[in-house]
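[1] pasting a predicted model and its sequence here:
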Amino acid sequence: GSTFSIDDFGVGSGNLDALYGLPFDELKIDRMFSNEVTRCARAKAVVSSLLELSRAFELRSVVEGIDHLETFEMLRDMGGDLAQGFCIARPQTLPLLSETLRLQATSQLRRSNVGRG
């Protein structure tokens, strides 16, 4: 019932050797690349390649450091599975997270009932 992520992929010990040799389920792309993806063609090429690599290895991709909507939209369009960063949510305490999730669920229920008589 457990899954394993290779964190900060592309920097430090998160490298191809670890990816190839260990049983990971998720590839977390380091924010060093994602922060620059809208401004730097090289960063965009790195992230695109890592997303392709995660698909080839049948891993879920998580792009870290999504701090701006423009970055979020670009990475969504590039095919990232999950995103993590301030654009989505700031760090929260458990009680605040629980309340946020409760409000989102309530909001989803209201939206799904719109237009139904």
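    On my side now, so go ahead.

[2] not counting sequence-adjacent ones, nearest residue to the residue positioned nearest the centre of the chain?
    In the chain, the residue lying closest to the centroid (Cα atoms, centre = their mean) is Ala83, at 2.3 Å. Among residues not flanking Ala83 along the chain, Ile66 sits closest, at 4.4 Å (Cβ to Cβ, 6 or more residues apart in numbering). Glycine gets a C-beta too; all of them are placed from N, C-alpha and C.

[3] helix or strand: which one has the residue nearest to the centre of the chain?
    Here Ala83 is covered by strand 82-84, with elements defined by DSSP states H and E.

[4] quick check: next helix or strand after that strand?
    Note on strand 82-84: by DSSP H and E, the next helix or strand toward the C-terminus is helix 94-112.

[5] chain center to that next one, what's the gap?
    The chain centre lies 20 Å from the centre of helix 94-112; the measure is Cα atoms, centre = their mean, to the nearest Å.

[6] outside of that helix, which residues touch it?
    89, 92 (Cβ atoms under 8 Å, 6 or more residues apart in numbering).

[7] buried ones in it?
    Neighbour-count burial for helix 94-112, counted by 16 or more other Cβ atoms under 10 Å, picks out no residue.

[8] so how far is Leu69 from Asn15?
    Distance, Asn15 to Leu69, by Cβ to Cβ, to the nearest Å: 31 Å.
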